[in-house]
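**Student:** Next comes the sequence, and after it the predicted model I'd like to discuss.
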Amino acid sequence: MEKQFPDYRDSLWRKKLSGRERAAMRNQPGLELEARLTDALAQLPDAPVPSNFIARVLEATEREDARSGRAVKLRFWCWNWHALMPRVAVVTTVLVLGGFGVQHYETARHRTELAKSLSLVASTQVVPSVDALENLEVIQRMSQPTHADTELIAALQ
């Protein structure tokens, strides 16, 4: 089984390591260089901070919050296609179905008016008598010419 070393990487910047911890750390590759770098950074002096540093940081965060709040309000006026397209689809569907409904209504109304007109015409027209219907063949033969059409017969031959 391989020997496990404790992880000193976190401990490097949190506290100053003891001599025994440094000796154990030398066995881990890359940590010696990191330990020297951490020591060099610890020797640097702290950067001077202005007296109103906290007030400036709070003001900057408030400004950022106000800017992001304004962005939310402006986003309301921007085109949001993901929200707009379903609404357009619903409105289009309602308009198309409404158009078909109006067309069906108009067609039915036109048919009703046509049926009323036909019933009015049928009621005002005189129905032929039963005698005329019985002698229909005789009446039709009477309208036929009695002599032969010689020009037609000559044209056929």
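**Tutor:** Yep, that arrived.

**Student:** Look at residue 32 and say how many residues are nearby.
**Tutor:** For residue 32, the count of nearby residues is 13 (other Cβ atoms under 10 Å). To be clear about C-beta, it is placed using only N, CA and C from the backbone, and glycine gets the same treatment.

**Student:** That one and residue 17 touch, don't they?
**Tutor:** No: checked against Cβ atoms under 8 Å, the pair residue 32 and residue 17 is beyond contact range at 11.4 Å.

**Student:** which residues are common contacts for those two?
**Tutor:** residue 25 (Cβ atoms under 8 Å, 6 or more residues apart in numbering).

**Student:** Quick one: distance of the longest helix along the chain to the chain centre.
**Tutor:** In the chain, with assignment by DSSP state H, the single longest helix is helix 81-124. Mean-position distance between helix 81-124 and its chain equals 28 Å (Cα atoms, centre = their mean, to the nearest Å).

**Student:** What of stretch 128-144?
**Tutor:** Centroid displacement of stretch 128-144 relative to its chain, using Cα atoms, centre = their mean, is 72 Å.

**Student:** for the helix or strand of the chain with the lowest mean pLDDT, which positions count as buried?
**Tutor:** The helix or strand of the chain with the poorest confidence is helix 9-14; it has a mean of 71 (mean pLDDT, DSSP states H and E). By neighbour count on 16 or more other Cβ atoms under 10 Å, the buried set for helix 9-14 is 11, 12.

**Student:** Can you name the residues in contact with that helix?
**Tutor:** 17, 21, 31, 34, 35, 38.

**Student:** min pLDDT across those residues, which one?
**Tutor:** Within the contacts of helix 9-14, residue 17 has the lowest pLDDT, namely 73.

**Student:** Secondary structure class of it, three-state.
**Tutor:** Three-state call for residue 17 (DSSP: H, G, I helix; E, B strand; the rest coil): coil.

**Student:** Separate out the buried members of the contacts of helix 9-14.
**Tutor:** 17, 31, 35, 38.

**Student:** tally of neighbours for the residue lying closest to the second one once chain neighbours are set aside?
**Tutor:** Distances taken as Cβ to Cβ, 6 or more residues apart in numbering put residue 25 closest to residue 31, at 4.9 Å, once the chain neighbours are dropped. Around residue 25 sit 20 other residues, with neighbours defined as other Cβ under 10 Å.
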